[in-house]
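1. Here is my input; please provide its structure:
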Amino acid sequence: MRAEPDTLTRYRQHRWLGLCLVLALAVGFLLWGALPPAADPAEGRPPAADPAKNAGVLILATQSGRFPLTVEVADTPAARQQGLQGRRGLAENAGMLFDFGTPQPVAMWMLNTYIPLDMLFLDDAGRVVAIARNTVPLSLDRIGIDDPVRAVLEVQAGVADRLKVRAGDRVCHPIYPRNAC
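-> Residues are numbered from 1 along each chain as shown. As a prediction, the model looks like this:
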């Protein structure tokens, strides 16, 4: 007679464990189904800039000479947001000109930018008002100045020193139609 209650107790324990297992699986599936789909890394990010698009020549006029650079122009919010992100290299005579259209406070960063850069902050007349030299790749630190600027020219780190660029130097480019070089 003693065997019967033990069998009943074991049966109830197994039934309870089975019920807990089924409930745990059901809750797990419900939670798994409620998760958002895995994000595509490219989703929500502007398309990569096409180096041939908006490419042109910019003349950097310094006290030591006039230097032509091939630049891409980032003149839309999407192009400015993308910038040089994802690039693994930049030619010494190349750059990207961020045109903001009108003078405004500007803050740049190095998110997903793998190459160190020099950033030349340009006023509405195309004059260099400040230079951020040798910026740190992948940094989220704010890079900017307090004065409003019309554009920012990004070039390979070291170019500003090599060309002896100083505040007051200027650029000649179609966004500055009054500058004659």
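
2. wait, doesn't Asp99 sit right on Ala151?
-> Yes - counting by Cβ atoms under 8 Å, Asp99 does reach Ala151; the two are 5.0 Å apart. Any C-beta I mention is one placed from the backbone N, CA and C, and that applies to glycine too.

3. So the two - more neighbours on which side?
-> With neighbours defined as other Cβ atoms under 10 Å, Asp99 and Ala151 compare such that Ala151 has more, 25 against 21.

4. so that one bridges to which residues?
-> Beta-bridge pairing for Ala151 (DSSP bridges): Asp99, Leu122.

5. circling back to that earlier point, list residues touching both of Asp99 and Ala151?
-> Common neighbours of Asp99 and Ala151 are listed as Ile175 (criterion: Cβ atoms under 8 Å, 6 or more residues apart in numbering).

6. how about Val139, what does it touch?
-> Not quite, residue 139 is Ser, not Val. Applying Cβ under 8 Å, 6+ apart, the residues near Ser139 are 109-110.

7. For it, which three-state class applies?
-> Three-state call for Ser139 (DSSP: H, G, I helix; E, B strand; the rest coil): coil.

8. Quick check: phi and psi on it?
-> phi -80, psi 140 (degrees, to the nearest 10).

9. if I look at it, how far off is Arg178?
-> 35 Å (Cβ to Cβ, to the nearest Å).

10. ditto for Asp99
-> 15 Å.

11. And for Glu72?
-> Counting by Cβ to Cβ, the gap from Glu72 to Arg178 is 23 Å.

12. ok, the two, which is more surrounded?
-> With neighbours defined as other Cβ under 10 Å, Glu72 and Arg178 compare such that Glu72 has more, 22 against 7.

13. and the helix or strand that one falls within, which strands flank it?
-> Using DSSP states H and E, Glu72 maps to strand 65-74. Applying DSSP bridges to the sheet, strand 65-74 is found paired with strand 55-62 (antiparallel), strand 94-104 (parallel).

14. Of all the residues in the first one, which ones are buried?
-> Buried residues in strand 55-62, defined by neighbour count with 16 or more other Cβ atoms under 10 Å: 58, 60-62.
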